[in-house]
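Asker: Below is the structure, and that's it, no one-letter string:
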């Protein structure tokens, strides 16, 4: 919130009086909710499915190595049932995003009329729990480098997990939201007119055009963000079609 407030204050100070920073969701809301790379940053439960049972992996401090490590214990609560329902061949390690599921349910309770749009990286369930993804999707990022060790520089690295969009859609529906669209980020941005916006900058002005073209390429390319990132939208009391989902509808994949 602080850095965002500084940016708005510096770039568009005339709009500062229209901005209200919230520490929690309001009890009710009428309008548009946008979350960009929000769901992937929420805590996940790490499950290890073995032939002898389902363990939850947690953090322990190894006194001998003087570092943090992962340690397993029998999964509790809803996790064993969730793990068994996945019907995965052991050994398999994966993430269960209970926090993200709870968050989307809270959005459904809060939203009185409007839409909620989330852009994030992830897969539908059949891709998320693919046999080749048996080591899970937990990843760490530090200074634009991807790492596999979540205990490298604790507190300084970003720890994320890919989003199971099927689970998000299921919990949104249970909370009274309608699935309004699901597609790749590339399809979503093209439908919203990103190429038309780029065309407003003349190609014969390379100092302006090339940085914008490179940015658009990164957002749209299947080798960059265009395919891995998805856009998913939910609505309540709002039946107008959303232009970002006019092409490339993938709702059936969920």
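Answerer: Structure received. Bear in mind that the values here come from a model prediction, so they are computed numbers and not experimental data.
Asker: Pull out the buried residues from stretch 103-117.
Answerer: Residues of stretch 103-117 classed as buried by neighbour count (16 or more other C-beta atoms under 10 Å): 103, 104, 105, 107, 108, 110, 111, 114, 115, 116, 117. In this view, the C-beta of every residue, glycine as well, is placed from N, C-alpha and C.
Asker: which residues sit against that stretch?
Answerer: Here stretch 103-117 makes contact (C-beta atoms under 8 Å, 6 or more residues apart in numbering) with 25-35, 38-39, 42, 168, 171-172, 174-177, 180, 231-238, 242, 244.
Asker: 7 Å instead, please
Answerer: 25-34, 42, 168, 171-172, 174-177, 180, 231, 233-238, 242 (C-beta atoms under 7 Å, 6 or more residues apart in numbering).
Asker: coming back round to it: got JSON lines for the buried residues of stretch 103-117, with distance to residue 21 and secondary structure too?
Answerer: Converted to JSON lines, the buried residues of stretch 103-117 look like this (distance: C-beta to C-beta, whole Å; DSSP: H, G, I helix; E, B strand; the rest coil):
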{"residue": "103", "distance to residue 21": "18", "secondary structure": "helix"}
{"residue": "104", "distance to residue 21": "22", "secondary structure": "helix"}
{"residue": "105", "distance to residue 21": "23", "secondary structure": "helix"}
{"residue": "107", "distance to residue 21": "18", "secondary structure": "helix"}
{"residue": "108", "distance to residue 21": "23", "secondary structure": "helix"}
{"residue": "110", "distance to residue 21": "17", "secondary structure": "helix"}
{"residue": "111", "distance to residue 21": "20", "secondary structure": "strand"}
{"residue": "114", "distance to residue 21": "20", "secondary structure": "strand"}
{"residue": "115", "distance to residue 21": "22", "secondary structure": "strand"}
{"residue": "116", "distance to residue 21": "19", "secondary structure": "strand"}
{"residue": "117", "distance to residue 21": "20", "secondary structure": "strand"}
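Asker: out of these, which one sits closest to residue 145?
Answerer: Lowest distance from residue 145 to these (C-beta to C-beta) belongs to residue 103, with 28.0 Å.
Asker: gap between the closest one and residue 185?
Answerer: According to C-beta to C-beta, to the nearest Å, residue 103 and residue 185 sit 20 Å apart.
Asker: coming back round to it: now restrict the contacts of stretch 103-117 to buried residues only.
Answerer: Burial by neighbour count, judged by 16+ other C-beta under 10 Å, picks out 29, 33, 42, 168, 171-172, 175, 177, 180, 231, 233-236, 238, 242 from these.
Asker: List the beta-bridge partners for residue 120.
Answerer: Beta-bridge partners for residue 120, by DSSP bridges, are residue 230.
Asker: out of the buried ones among the contacts of stretch 103-117, what pair is the most spread apart?
Answerer: Across the buried ones among the contacts of stretch 103-117, the longest distance by C-beta to C-beta is 25.2 Å; it joins 42 and 238.
Asker: what kind of secondary structure is residue 35 in?
Answerer: Following DSSP: H, G, I helix; E, B strand; the rest coil, residue 35 is assigned to strand.
Asker: how far does stretch 82-97 stretch from start to finish?
Answerer: 11 Å (C-alpha to C-alpha, to the nearest Å).
Asker: what about residue 52, distance to residue 28?
Answerer: 47 Å.
Asker: out of the buried ones among the contacts of stretch 103-117, which are inside strands?
Answerer: 29, 33, 180, 231, 233, 234, 235, 236 (DSSP state E).
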